[in-house]
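> Structure for the following, please:
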Amino acid sequence: MCSVEVAPDMEKGARRLHVVCSEEDDAQEVLNIAWIRYQPRLRPAEHVENRQARGGADHQRSPRIVLVAADIRKRCPWLWTNSALIPVHLLVPGTFLPHVHTAPTQTLIAVWPLKSASVADLLSTYPSPHFHSYQTYTMASRAIPSHLKPSAAAGKDEGGFNSQRHHGKSQSHVAFENTSTNVAASQMRNALNKLADTVQDPAEKKYFETEMDNFFALFRRYLNDKAKGTAIDWNRIAPPKAEQVVNYDDLANSEAVEYLNKLAVVKLNGGLGTSMGCVGPKSVIEVRDGMSFLDLSVRQIEYLNRTYDVNVPFLLMNSFNTDTDTASIIKKYEGHNIDILTFNQSRYPRILKDSLLPAPKTIDSDLANWYPPGHGDVFESLYNTGMLDKLIDRGIEIIFLSNADNLGAVVDLRILQHMVDSKAEYIMELTDKTKADVKGGTIIDYEGSVRLLEIAQVPKEHVNEFKSIKKFKYFNTNNIWMDVKAVKRVVEANELAMEIIPNGKSIPADKKGEADISVLQLETAVGAAIKHFKNAHGVNVPRRRFLPVKTCSDLMLVKSDLYTLQHGQLVIDPNRFGPAPLIKLGSDFKKVSSFQSRIPSIPKIVELDHLTITGPVNLGRGVTLKGTVIIVATEGSTIDIPPGSILENVVVQGSLRLLEH
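Residues are numbered from 1 along each chain as shown. Coordinates of the predicted model:
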């Protein structure tokens with residue numbers, strides 16, 4: 001049996017834990033046990049800024065684990081010195097050292113002449129120390145696996161799902177995968193250290209190292225997940241329980257006006273308009289009456305502030321792709337009744353697929369080598385930039401977050417009141433699935449706990465079941481309400497372990513004739529964090545709160561007579577019966593410029609149910625569309641719909657040209 005010697009002041013939050021192995025013990029198992037039982041009592045590593053702000057020397061050191069194990073004199077000669085204790089930095093992503101870069105921070109490994117091959121195997125993957133980094137030595141993080149959490153139950157992965165191997169693996173196979181994982185992690189860590197060494201400014205370097213530590217934690221989790229070959233246990237997944245989703249119509253009619261001064265609105269503004277053929281931030285694309293997404297959002301907040309005599313701050317989470325342009329654009333709002341704040345999400349290095357090493361070689365490498373890691377990064381970014389503390393200092397308690405391109409995501413006082421009354425730390429707005437939304441993430445019950453399930457997580461044999469509107473009725477709008485202090489708690493406690501979304505991309509080759517470089521991006525989604533918050537649940541909202549513009553088909557809808565504009569908010573025509581029509585425009589309408597040239601005047605569509613246009617089709621001015629309309633220009637031909645035409649339940653096919661004379 002192993003013994004764990006607890007320091008006298010452990011109950012007060014000690015920084016040292018003695019773990020003693022006998023000859024018969026497996027050192028890795030000993031560390032696992034010690035980690036689960038005693039890690040919660042150790043004081044977590046804190047950001048340097050936080051420690052300095054508190055002004056105490058006591059905050060200059062991180063928790064320490066003293067491992068007494070293993071005769072590794074022969075396997076790792078570089079560890080053997082005249083001293084019994086050798087300073088070694090221990091990589092435990094997000095919990096111990098990744099956020100700390102000061103010399104006093106160290107973990108101690110005691111080398112005693114005891115036999116434990118597993119520790120020797122772990123350390124042997126690091127045959128020599130790296131002296132030029134803030135990490136003097138590195139111990140394989142497999143000693144305390146990053147997927148182990150104090151609350152983790154045996155057999156469950158970080159998402160709370162049971163790990164199910166598709167195929168049985170021999171011990172040698174597992175050992176090979178573990179070794180490969182550790183080698184890849186070691187090489188990545190060394191490459192990130194070298195990357196950090198290219199940053200000259202001390203303050204910039206400190207922040208960059210924090211970002212790279214967070215990236216490495218994500219990378220390490222990805223490797224672990226890949227090695228485990230895990231999949232969700234579909235039999236344990238069920239539609240959400242009644243108490244896990246509240247209907248909007250059942251919310252109290254009272255409006256939480258008094259809580260508006262405790263609210264901040266955050267828009268995810270990191271995306272570019274390239275998918276629609278535009279340059280710059282997507283939020284500046286003109287969508288209605290000469291106004292952009294950003295213009296409409298500003299008008300909404302201005303109206304809110306003026307109507308209720310409040311000052312709701314408006315925050316934009318930019319990426320390195322949008323920050324510079326956004327800073328210039330928002331200057332035009334300086335005279336408006338609105339407080340606009342910006343902060344940047346993380347900038348992570350793309351991963352070369354063939355070597356699993358970072359694509360950039362220096363901090364100044366081309367922007368194509370970097371990527372923003374998805375909106376799940378909002379929690380870390382709010383914290384790391386100091387924006388979270390700024391909000392807390394000004395009395396903000398709740399954040400309403402949404403995509404910049406969702407024109408339906410406006411502040412709703414009933415939902416705000418419900419969040420306060422229910423003491424929920426996290427609310428996800430859901431809306432009813434339609435045939436157009438079957439691939440969207442859905443909320444589920446997993447053994448009594450609420451989770452977000454994305455289609456990428458679903459086994460192939462259950463995809464059709466996932467798409468079923470009968471079983472999974474709702475999908476995630478990405479309108480999220482969050483408790484500010486709860487966000488700070490889960491970040492500081494390193495509890496966030498959102499499911500990782502691997503996203504394959506390519507970087508254009510430097511020279512003509514060379515193949516593009518295949519890279520990997522590891523991303524997370526903000527909705528996946530629902531499992532980490534207390535009293536988290538969904539609210540089934542009307543469809544009007546989900547009005548995204550992802551394509552020119554969506555753009556045609558929001559520009560049409562189906563909506564009128566009121567104080568920056570789109571309001572559907574009261575004469576419209578049923579949901580908005582389904583519009584599908586072909587590849588000839590993919591870019592905004594092509595869309596505008598082919599449809600210079602948006603047709604009347606209040607009575608339209610379905611529109612499909614394929615091929616080079618031009619619509620004249622004053623066109624009215626009703627019912628189901630399908631227009632297909634055959635290959636090599638063009639269709640010009642005459643001005644003033646009324647098309648109702650028709651299929652137009654072939655060629656039709658209108659020529660001026």
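
> What residues does the closest residue to residue 635 other than its chain neighbours make contact with?
With sequence-adjacent residues excluded and distances taken as C-beta to C-beta, 6 or more residues apart in numbering, residue 635 is closest to residue 615, at 7.4 Å. (Each C-beta comes from the backbone N, C-alpha and C, glycine too.) When the contact criterion is C-beta atoms under 8 Å, 6 or more residues apart in numbering, the partners of residue 615 are 586, 588, 632-635, 637-639.

> Mark which of these are buried, thanks.
Neighbour-count burial (16 or more other C-beta atoms under 10 Å) is assigned, among the contacts of residue 615, to 586, 588, 632-633, 638-639.

> before we move on, the earlier item: okay if I get the contacts of residue 615 as CSV plus secondary structure?
Shown next, in CSV, are the contacts of residue 615 (DSSP: H, G, I helix; E, B strand; the rest coil):
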residue, secondary structure
586, coil
588, helix
632, strand
633, strand
634, coil
635, coil
637, coil
638, coil
639, strand
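
> from these, which single one is nearest residue 290?
Using C-beta to C-beta, residue 588 is the member of the contacts of residue 615 that lies nearest residue 290, at 24.9 Å.

> Give the full set of residues in contact with that closest one.
Here residue 588 is in contact with 594, 598, 614-617 (C-beta under 8 Å, 6+ apart).

> Redo those residues as TSV? Include secondary structure, distance to residue 385 and pLDDT.
Below are the contacts of residue 588 laid out as TSV (DSSP: H, G, I helix; E, B strand; the rest coil; distance: C-beta to C-beta, whole Å; pLDDT from 0 to 100):
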residue	secondary structure	distance to residue 385	pLDDT
594	helix	38	95
598	helix	43	96
614	strand	46	95
615	coil	47	94
616	coil	47	95
617	strand	47	96
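
> which one of these has the most neighbours?
Most neighbours among the contacts of residue 588, by other C-beta atoms under 10 Å: residue 617, with 21 neighbours.

> What residues are recorded as beta-bridge partners of it?
Assessed by DSSP bridges, residue 617 has beta-bridge partners residue 639.

> dump the residue contacts of it.
If a contact means C-beta under 8 Å, 6+ apart, then residue 617 has 588, 598, 631, 633, 638-641 as its contacts.

> can you put these in CSV and add distance to residue 206?
Output for these, formatted as CSV (distance: C-beta to C-beta, whole Å):
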residue, distance to residue 206
588, 50
598, 52
631, 58
633, 58
638, 59
639, 61
640, 62
641, 61
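
> And the residues you listed, which is closest to residue 248?
residue 631 (36.8 Å).

> now the strands for the stretch 201-350 of the chain?
237-238, 245-247, 263-269, 286-288, 291-292, 314-318, 340-344, 348-349 (DSSP state E, counting those that start in this stretch).

> Would you single out the least confident of the ones you listed?
Lowest mean pLDDT within the strands of the stretch 201-350 of the chain: strand 237-238, a mean of 87.

> distance between the ends of stretch 471-489?
34 Å (C-alpha to C-alpha, to the nearest Å).

> Who are the packing partners of the host helix or strand of residue 378?
Counting by DSSP states H and E, the element that carries residue 378 is helix 378-384. If you count contacts as 3 or more C-beta pairs under 8 Å, 6 or more residues apart in numbering; DSSP states H and E, helix 378-384 packs onto helix 202-228, strand 314-318, strand 340-344, helix 387-393, helix 484-492.

> about what we covered before: next, give phi and psi for the residue nearest to residue 635.
Phi and psi for residue 615, reported as degrees, to the nearest 10, are phi 90, psi -180.

> doesn't residue 578 make contact with residue 562?
No - counting by C-beta atoms under 8 Å, residue 562 stays clear of residue 578, with 11.5 Å between them.

> In terms of neighbours, single out the busier of those two.
residue 562 (22 against 6).

> Quick one: residues contacting the more buried one.
Each residue near residue 562 by C-beta under 8 Å, 6+ apart is listed here: 572-573, 576, 580-581, 605-606.

> Please tell me which one of those counts the most neighbours.
Compared across the contacts of residue 562, residue 605 has the highest neighbour count, 24 neighbours, by other C-beta under 10 Å.

> how far away is it from residue 407?
Applying C-beta to C-beta, to the nearest Å, the value for residue 605 to residue 407 is 16 Å.

> re the thing from before, would you mind saying which of the helices and strands packed on helix 378-384 lies nearest residue 447?
Closest approach to residue 447 among these (C-beta to C-beta): helix 202-228, 19.4 Å.

> Give me the distance between that closest one and the centre of its chain.
Chain-centre distance of helix 202-228: 14 Å, with C-alpha atoms, centre = their mean, to the nearest Å.

> What's the mean pLDDT across that helix?
Average pLDDT, helix 202-228: 90.

> List the contacts of residue 374.
Applying C-beta under 8 Å, 6+ apart, we find residue 374 in contact with 501, 523-525.

> Tell me which of the residues you listed fall in strands.
Cross-referencing these against strands under DSSP state E gives 501, 523.

> Most neighbours of all the contacts of residue 374, which one?
residue 524 (23 neighbours).

> how about the closest residue to that one other than its chain neighbours, what does it touch?
Distances taken as C-beta to C-beta, 6+ apart place residue 376 nearest to residue 524, at 2.8 Å, with adjacent residues excluded. Counting by C-beta under 8 Å, 6+ apart, residue 376 touches 498, 523-526, 528-529.

> Just put the strands of the stretch 201-350 of the chain in CSV and tack on distance to residue 551 and mean neighbour count.
Putting these into CSV (distance: least, C-beta to C-beta, whole Å; neighbours: other C-beta atoms under 10 Å) gives the following:
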stretch, distance to residue 551, mean neighbour count
strand 237-238, 31, 17
strand 245-247, 29, 17
strand 263-269, 18, 23
strand 286-288, 12, 19
strand 291-292, 17, 16
strand 314-318, 23, 25
strand 340-344, 27, 18
strand 348-349, 27, 24
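
> can you list those in a markdown table and add distance to residue 212?
Shown next, in a markdown table, are the strands of the stretch 201-350 of the chain (distance: least, C-beta to C-beta, whole Å):
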| stretch | distance to residue 212 |
| --- | --- |
| strand 237-238 | 35 |
| strand 245-247 | 39 |
| strand 263-269 | 23 |
| strand 286-288 | 37 |
| strand 291-292 | 34 |
| strand 314-318 | 20 |
| strand 340-344 | 15 |
| strand 348-349 | 8 |
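
> what about these, which gets the closest to residue 556?
Here strand 286-288 is closest among these (C-beta to C-beta), at 10.6 Å.

> The closest one - contacts with which helices or strands?
helix 293-308, helix 552-559.

> how about the residue minimising distance to the centre of the chain, secondary structure?
Nearest to the geometric centre of the chain sits residue 376, at 1.8 Å (C-alpha atoms, centre = their mean). Reduced to three states with three-state DSSP, the structure at residue 376 is helix.
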